[in-house]
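Peer 1: What follows is a predicted structure for the sequence shown.
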Amino acid sequence: MQRTLKAGGAAPGKKAALSRKRAIPAMTVLLLLLTAAFLLSVTLGRYGIPLRQLMQILFGKLLGQTPTWPDTVEKVLFNVRLPRILCGMGVALTVKGRAHIPLYGGPVIGSPLRWIAGCVKSWNFREASLGMAAVNCWYNSTNKVASLGGFAGLNLADESRESNVKKDAFNISPEEAAGKRVAVIGRFPRLEEQLSPICSLSVLERTPEPGDYPDSACEYILPEQDIVFITGMTFINKTLPRLLQLTAPGARVILVGPSVPLTPLLYDYGVTDLDGFCVTNPAKAREAVRRGNSADIFLGGKMVEIQRRG
C-alpha cells in the first residue's frame, strides 16, 4: 500500500532532515560570530595587535618557540586582553563617605585586572569598591564557583529574582541557631523576622538603627558569640581583619553579601561559610549598574553558599 501525503506536506523523515539542514548553517554562523568577536576583542584596543602577529604569538607559545615579537605586545595580550575575555564579571557595593586621595590614577578600561584589583587597598572607599569588584571578577567566575559546589540546589535556567536569591544566608534552621548567641555585622533586611525568634540576636552597624549596637561594640560583643555574620563591605572599609581576630575559637563565621570573594583562602583566617554573589547574566548585571539600581543586580546572577569542608 502506498502512503499518501496531503498537499504541501512532507514525510516525518524529510522534516527531520530539513530541520537538521537548517540547524547546521545556524550553528556555523554562531561559531563564526563568536570567533569574530573573540578576534576583535583580542586585536583591537589602545595597542592594536595585527591578526598575523596574534597567530604568531599564540602558536609560538604553544610550540615553545623563542619570542620574535615585542615584549610589550605579549604583555598586552596575556596580561590584559585574554584575562578580560576569559574571566567572569565581579561586583562590589560602594561605601558612602568622604573620599581619600585615590591610589590609582590610571585608566580602568584596558588596564590589567591585577592592577585594578590592587585598588582594594585604597583608603578611598569608592576606589576600594572598584578593586573589590575586580577581585570578585577573578574569584567569583561561574567556572570557579561551580568547581566549589556553589550552584548546588540552584536552577541556573531560572533567572527570576526569587530563584537568584534562594540561597539566603540568614535562612538558618532553628536547630542550628536554637539557644545560640548570634551577631550580625551590618544591617540587612528582615533580620529580626528571620533570626530573633530562634536565637539571641545582636546587630552591629556603623549607622545604627533603633535596637542596633554601634559597630565599636564589636570589641566586647563578638568574643561571646556562637555565630557571626559579617558583611562583605568589611573588605572595603578594612575592618575585616580585626573582626576575625575578635571572633571566638570554634565560632561559626559567615561572610555574606555581593562583595564577598568566593575563595577557600579565607578559611585559613577562621571563616567557615562564604555566602556571596556570582554573575551569571552579565548583560542584566551591567544594566543594573548602568541604572544605579543595586537591588536589580540580583537579576544578573545568583546568591551562592559555599561551606568549609571537614
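Peer 2: Cool, got the structure. Numbering: from 1, shown residues only.
Peer 1: what packs against the helix or strand containing residue 244?
Peer 2: Assigned by DSSP states H and E, residue 244 belongs to helix 240-246. When contacts are defined as 3 or more Cβ pairs under 8 Å, 6 or more residues apart in numbering; DSSP states H and E, helix 240-246 packs onto helix 218-221, strand 227-231. The way it works is simple: take the backbone N, C-alpha and C, and place the C-beta from them, glycine included.
Peer 1: So residue 137 versus residue 285, what's the distance?
Peer 2: Separation of residue 137 from residue 285 (Cβ to Cβ, to the nearest Å): 11 Å.
Peer 1: got it, and residue 251?
Peer 2: For residue 251 relative to residue 285 (Cβ to Cβ), the value is 33 Å.
Peer 1: Can you mark which positions in stretch 250-265 are buried?
Peer 2: Across stretch 250-265, burial judged by 16 or more other Cβ atoms under 10 Å covers 251-263.
Peer 1: Strands along the stretch 51-200 of the chain, start to end?
Peer 2: In the stretch 51-200 of the chain, the segments counted as strands under DSSP state E, counting those that start in this stretch are 181-185, 200-205.
Peer 1: Adding mean pLDDT, write the ones you listed out as CSV.
Peer 2: Formatted as CSV, those follow (pLDDT from 0 to 100):
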stretch, mean pLDDT
strand 181-185, 95
strand 200-205, 93
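Peer 1: what's the most buried one of these?
Peer 2: Ranked by mean neighbour count, the strands of the stretch 51-200 of the chain are led by strand 181-185 with a mean of 23 (mean count of other Cβ atoms under 10 Å).
Peer 1: and that strand, how far from the chain's centre?
Peer 2: Its chain's average C-alpha position is 25 Å from that of strand 181-185, according to Cα atoms, centre = their mean, to the nearest Å.
Peer 1: Neighbouring strands of it in the sheet, and parallel or not?
Peer 2: Sheet pairing for strand 181-185, assigned by DSSP bridges, gives strand 200-205 (parallel), strand 227-231 (parallel).
Peer 1: How far does stretch 140-160 stretch from one end to the other?
Peer 2: Using Cα to Cα, to the nearest Å, one end of stretch 140-160 lies 20 Å from the other.
Peer 1: Hmm, I typed the wrong one, I wanted stretch 168-179.
Peer 2: Terminal residues of stretch 168-179 lie 21 Å apart, using Cα to Cα.
Peer 1: Show me what counts as buried in it.
Peer 2: The neighbour-count check on stretch 168-179 (16+ other Cβ under 10 Å) flags 169-170, 172, 177 as buried.
Peer 1: so how far is that stretch off the chain centroid?
Peer 2: 25 Å.
Peer 1: Can you tell me what sits against that stretch?
Peer 2: By Cβ atoms under 8 Å, 6 or more residues apart in numbering, the residues outside stretch 168-179 that reach it are 184, 188, 190-191, 194-195, 198-200, 227, 229, 254, 256, 273, 275, 303, 305.
Peer 1: any idea how far residue 122 is from residue 102?
Peer 2: Distance from residue 102 to residue 122, by Cβ to Cβ: 7 Å.
Peer 1: Which one's more surrounded, the two?
Peer 2: residue 122 (21 against 15; other Cβ atoms under 10 Å).
Peer 1: wait, that one sits on residue 129?
Peer 2: No: using Cβ atoms under 8 Å as the test, residue 122 is too far from residue 129 to be in contact (9.2 Å).
Peer 1: count of residues packed around the residue lying closest to residue 117 once chain neighbours are set aside?
Peer 2: Of all residues not flanking residue 117 in the chain, residue 134 sits nearest, at 4.0 Å (Cβ to Cβ, 6 or more residues apart in numbering). When neighbours are defined as other Cβ under 10 Å, residue 134 has 23 of them.
Peer 1: need the contact list for residue 134.
Peer 2: So residue 134 contacts 90, 113, 116-117, 119-120 (Cβ under 8 Å, 6+ apart).
Peer 1: I'd like these laid out as JSON lines, including neighbour count.
Peer 2: Shown next, in JSON lines, are those (neighbours: other Cβ atoms under 10 Å):
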{"residue": "90", "neighbour count": "27"}
{"residue": "113", "neighbour count": "17"}
{"residue": "116", "neighbour count": "20"}
{"residue": "117", "neighbour count": "21"}
{"residue": "119", "neighbour count": "22"}
{"residue": "120", "neighbour count": "22"}
